[in-house]
Structure formats: structure tokens, C-alpha cells
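> would you be able to build a 3D model of this:
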Amino acid sequence: MPRPTPHLMQTLQILDGADTFLRPLDGQPLVLGAARDADLVLRADGVAPHHARIDFLGDVARLHAVDGEVVVGGRK
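The predicted structure follows:
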């Protein structure tokens with residue numbers, strides 16, 4: 001009989017200069033940006049009010065550009 005797959009805890013790592021912050025992800029959509037109503041407020045030059053959104057499909061996280069540009073590993 002197959003064993004159930006354990007739920008994996010996902011964490012978003014935020015790098016701010018020499019500081020590192022960790023935000024646990026609970027599988028709910030998360031909006032990142034400079035606006036006060038963003039789920040994760042980022043205060044930096046070039047961050048749009050609702051810059052990006054993280055959505056989940058099961059245990060898979062997907063990052064989408066909303067009002068800003070998203071570059072991952074040098075690719076848009």
C-alpha cells in the first residue's frame with residue numbers, strides 16, 4: 001500500500017542587502033509589491049504597487065508578473 005506524501009513546507013527567501021528574511025508559504029495566493037494592501041510589502045526602487053503574485057497548484061508555486069517585471073535566473 002502506498003504511503004501518503006508528506007506535505008512540504010515552502011518558504012520564500014527575501015534578500016535585502018546583507019539581511020535575509022524567510023516567509024512561510026501556506027498555499028494561498030500572495031501579492032508582492034509596494035502597495036499597503038500587498039500581502040508582502042517590498043520597499044525598493046522599481047517595485048510596482050502590485051508587482052508580482054505567487055499562485056499555487058498543489059505543492060507547485062508559480063510566480064507571475066502583475067504590474068512589474070519579473071526576472072528569475074536572468075530570464076523574464
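
> what lies in contact with the lowest-mean-pLDDT helix or strand in the chain?
Using mean pLDDT, DSSP states H and E, the weakest-scoring helix or strand in the chain turns out to be strand 10-16, at a mean of 88. With C-beta atoms under 8 Å, 6 or more residues apart in numbering as the test, strand 10-16 has contacts from 20-25, 27, 30, 40, 42, 54, 59, 61. The C-beta positions use only the backbone N, C-alpha and C, and glycine is treated the same way.

> how does it look with 6 Å?
Here strand 10-16 makes contact (C-beta atoms under 6 Å, 6 or more residues apart in numbering) with F21, L22, R23, P24, L25.

> including neighbour count and secondary structure, could these go into TSV?
Formatted as TSV, these follow (neighbours: other C-beta atoms under 10 Å; DSSP: H, G, I helix; E, B strand; the rest coil):
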residue	neighbour count	secondary structure
F21	10	strand
L22	9	strand
R23	14	strand
P24	8	strand
L25	14	strand
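
> please tell me how far the residue lying closest to R43 once chain neighbours are set aside sits from D26.
Once flanking residues are discounted, R43 sits nearest to A34: 6.3 Å by C-beta to C-beta, 6 or more residues apart in numbering. Here the criterion is C-beta to C-beta, to the nearest Å. By it, A34 lies 23 Å from D26.

> next: Q13.
Plainly put, Q13 is 16 Å away from D26 if you go by C-beta to C-beta.

> how about D55?
D55 is 13 Å from D26, by C-beta to C-beta.

> and these two? Which one has more around it.
D55 (13 against 9; other C-beta atoms under 10 Å).

> I'd like the next helix or strand past the strand or helix carrying the more buried one.
Per DSSP states H and E, D55 falls inside strand 52-57. Remark: after strand 52-57, the chain's next helix or strand is strand 60-65, criterion DSSP H and E.

> tell me how far that next one lies from the chain's centre.
From the chain centre to the centre of strand 60-65 is a distance of 7 Å (C-alpha atoms, centre = their mean, to the nearest Å).

> which other residues reach it?
For strand 60-65, contacts defined as C-beta under 6 Å, 6+ apart pick out A52, R53, I54, D55, V70.
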